[in-house]
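Participant: take a look and give me a structure for this.
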Amino acid sequence: MHVTFLNRQALYLRPDPARVIVRPFKPATEPRDLNPTDKTRANHIVERVLRLDKAAAAKQLADVLENFEGRHRNLLEAFEHRANDMEDALVAHCTFSVVQRQLIGAYFMHEYSFEASALFNPSIVPHPDQSGTPTGGVRFILSLRAVGEGHISSLTFRAGTVAADGSIAIEPTARLASTPRLRTRTPGPIGDEVEVDFNPGQDISERVIFPVTESQSNGIEDARFVAFSDGARTTYYATYTAYKGTAIRSELIETSDFLSFRMSPLQGSAARNKGMALFPRRIDGRFAMIARQDNENLHLVYSDDLYRWDGGQAIMKPQFPWEFVQIGNCGSPIELDEGWLLLTHGVGPVRKYSIGAVLLDKQNPAKVLARSSEPLLQPEPAEREGYVPNVVYTCGAMRHNEQLILPYAVSDSFSNFATMKISALLQAMS
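Facilitator: Model (predicted):
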């Protein structure tokens, strides 16, 4: 099948190393692991700051602000918070002045270019605020996986508009970037649940969710957002892969406004791997997921508990040469009159990643009605080079009128968009 109905756009979203956040700098070990009676490197730094006279300390802090204040919001507040975090881990000192506390906080922070290496694996949902949208159009939020130094992944966002004719526009990206405030941390049987929030005055593109728990310490990867309808209420959920360097697991993030977020670990045998995607509504009163707990096939999993997923039924296995290595979902199923449209990815020879599609029965999603025998989207010559060559990938598309809006990543490096008529897509499936 030669796909003629798919239209690639020229909306390249590339990583920008100039976008930075401030993060804790840990010169020895984690502060909570420091023995208060030990003369650690951290304590040596504090002692050097305290030896500065009042004028020298004020000058040094002024120099820091001159260099960095225009690159971040509320920098002195961030320094204060960092000093508070360090306080219990340090050998007892005399009372710090405000300037000393802020300067000490500065010495234990560093800039991190969170998208210096890659900006990829996007998903897309309607924006919760549709005010000002042109007639026949829709505003959307795009989530993206950003990768910086040390291959640490975080979650970042963009906003844009799809016009009535299907043309796509991305809103300008904010110059600054910020991480959220940690509001609560609740220990659980398999890990912490946390709640974070952003200042409402921050642009959506300014908001960066960086790892905040041990299970996420090396990355928040591949968030698959979906607008979940439960009666009159819409909640935005996303499954994502939490990576701590030695292990992975599926976790869930939820929000109603993209300002406040709750992140929770998922329990159960089906949540031990990556690539879970939630259906946008309950089916027969139960939550439903597409999952790939065996690293090879697609499973349908039901649950009465949104945070626990066990078992599952294999509904698709690799069938065509372009997917012989493995298959997986490319985001949450999209509800059509004809059934559930599920985008898939397949891995073929030389680990080439392509995107396909399957149509599932609306009442019984375990039943496959049609399936693309050839890829809908595969790397073109100009899309083969990047951090991971020969890959096109998405974490979720969105229906707008009779078109499918498909953001996709190119070779784990940058992102673009494609559009296609849903009727043509269904006709091409067998």
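Participant: quick one: the helix or strand bottoming out on mean pLDDT in the chain to chain centroid distance?
Facilitator: Taking all helices and strands of the chain together, the one with the lowest average confidence (mean pLDDT, DSSP states H and E) is helix 41-50, at a mean of 87. Computed by CA atoms, centre = their mean, to the nearest Å, the chain-centroid distance of helix 41-50 equals 37 Å.
Participant: elements contacting that helix?
Facilitator: Here helix 41-50 is seen to pack against helix 98-107 when contacts are counted using 3 or more CB pairs under 8 Å, 6 or more residues apart in numbering; DSSP states H and E. (Each C-beta comes from the backbone N, C-alpha and C, glycine too.)
Participant: and the angle from the helix it packs on to helix 41-50?
Facilitator: With axes from the mean of the first three to the mean of the last three CA atoms, to 10 degrees defining the directions, helix 98-107 sits at 140 degrees from helix 41-50.
Participant: which is the next helix or strand following helix 98-107?
Facilitator: Sequence-wise, the next helix or strand beyond helix 98-107 is strand 109-112, with elements assigned using DSSP states H and E.
Participant: name all residues that make contact with the residue nearest to the spatial centre of the chain.
Facilitator: Residue closest to the mean C-alpha point of the chain, counted by CA atoms, centre = their mean, is Leu155 at 3.5 Å. If a contact means CB atoms under 8 Å, 6 or more residues apart in numbering, then Leu155 has 143-146, 208-209, 220, 223, 240, 253 as its contacts.
Participant: do Phe287 as well
Facilitator: Neighbour list for Phe287: 278-279, 302-306 [criterion: CB under 8 Å, 6+ apart].
Participant: walk me through which strands the strand or helix carrying Thr234 pairs with, and which way each runs.
Facilitator: Counting by DSSP H and E, the secondary-structure element that holds Thr234 is strand 233-243. When pairing is defined by DSSP bridges, strand 233-243 lines up against strand 219-230 (antiparallel), strand 248-255 (antiparallel).
Participant: including mean pLDDT and distance to Gly285, could those strands go into TSV?
Facilitator: Listed next are the strands paired with strand 233-243 as TSV, based on pLDDT from 0 to 100; distance: least, CB to CB, whole Å:
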stretch	mean pLDDT	distance to Gly285
strand 219-230	97	11
strand 248-255	96	20
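Participant: Asn295 is nearest to which of those?
Facilitator: Asn295 lies closest, by CB to CB, to one member of these: strand 248-255, at 11.1 Å.
Participant: check which helices and strands the following helix or strand past that closest one is in contact with.
Facilitator: Sequence order places strand 260-265 as the next helix or strand after strand 248-255, per DSSP H and E. Packed against strand 260-265, as judged by 3+ CB pairs under 8 Å, 6+ apart, are the following elements: strand 193-197, strand 248-255.
Participant: for Leu425, which of these is the nearest?
Facilitator: Smallest distance to Leu425 across the helices and strands packed on strand 260-265 (CB to CB): 28.2 Å, for strand 248-255.
Participant: measure how the closest one sits relative to strand 260-265, angle-wise.
Facilitator: An angle of 150 degrees separates the directions of strand 248-255 and strand 260-265 when computed by the same axes, to 10 degrees.
Participant: give me the residues contacting strand 248-255.
Facilitator: Judged by CB under 8 Å, 6+ apart, the contacts made with strand 248-255 from elsewhere in the structure are 155, 190, 209, 215-216, 223, 235-242, 261-266, 271-274, 276, 306-307, 309.
Participant: switch the helices and strands packed on strand 260-265 over to CSV; also include mean neighbour count and distance to Arg286.
Facilitator: Shown next, in CSV, are those (neighbours: other CB atoms under 10 Å; distance: least, CB to CB, whole Å):
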stretch, mean neighbour count, distance to Arg286
strand 193-197, 18, 23
strand 248-255, 20, 16
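Participant: can you redo the ones you listed as a markdown table with distance to Arg351?
Facilitator: Listed next are the helices and strands packed on strand 260-265 as a markdown table, based on distance: least, CB to CB, whole Å:
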| stretch | distance to Arg351 |
| --- | --- |
| strand 193-197 | 34 |
| strand 248-255 | 19 |
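Participant: what about Ser264, neighbour count?
Facilitator: One way to gauge burial is a neighbour count; for Ser264, by other CB atoms under 10 Å, it gives 18.
Participant: hmm, I was thinking of Gln363
Facilitator: As a burial measure, Gln363 scores 9 neighbours (other CB under 10 Å).
Participant: any residues touching the lengthiest helix in the chain, and which ones?
Facilitator: Scanning the chain for the helix with the most residues, using DSSP state H, yields helix 54-68. If you take CB under 8 Å, 6+ apart as the criterion, helix 54-68 is touched by 22, 49, 52, 75-76, 97, 99-100, 102-103, 106, 111.
Participant: do I have it right that Val410 meets Val391?
Facilitator: Yes. With contact defined as CB atoms under 8 Å, Val410 counts as touching Val391 (7.5 Å).
Participant: overlap in contacts, those two.
Facilitator: Pro379.
Participant: tell me the SS of the residue nearest to the centre of the chain?
Facilitator: Per DSSP: H, G, I helix; E, B strand; the rest coil, the local secondary structure of Leu155 is strand.
Participant: so what sits opposite it in the bridge?
Facilitator: With DSSP bridges applied, the residues forming beta bridges to Leu155 are Arg145, Ile209.
Participant: next one: Ile21
Facilitator: The partner list for Ile21 in beta bridges (DSSP bridges) reads Tyr112.
Participant: need the pLDDT of it.
Facilitator: In this model, Ile21 is scored at 97, pLDDT.
Participant: what's the burial count for it?
Facilitator: Per other CB under 10 Å, the neighbour tally for Ile21 reads 24.
Participant: who's in contact with it?
Facilitator: Under the criterion of CB under 8 Å, 6+ apart, the contact list for Ile21 reads 72, 111-112, 114, 177-179, 208, 210.
Participant: so it versus Gln427, what's the distance?
Facilitator: Noted for Ile21: a distance of 46 Å to Gln427, by CB to CB, to the nearest Å.
Participant: and for Leu360?
Facilitator: Leu360 sits 17 Å away from Gln427, going by CB to CB.
Participant: and the contacts of the helix or strand encompassing Phe417?
Facilitator: Secondary structure assignment for Phe417, by DSSP H and E: strand 414-421. With contact meaning CB under 8 Å, 6+ apart, strand 414-421 is reached by 5-15, 118-122, 144, 166, 168, 376-377, 386, 402-410.
Participant: of these, just the buried ones, PyMOL syntax please.
Facilitator: One line in PyMOL is enough to select the buried ones among the contacts of strand 414-421; burial here means 16 or more other CB atoms under 10 Å:
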select buried, resi 6+9+13+15+118+119+120+121+122+144+166+168+376+377+386+403+404+405+406+407+408+409+410
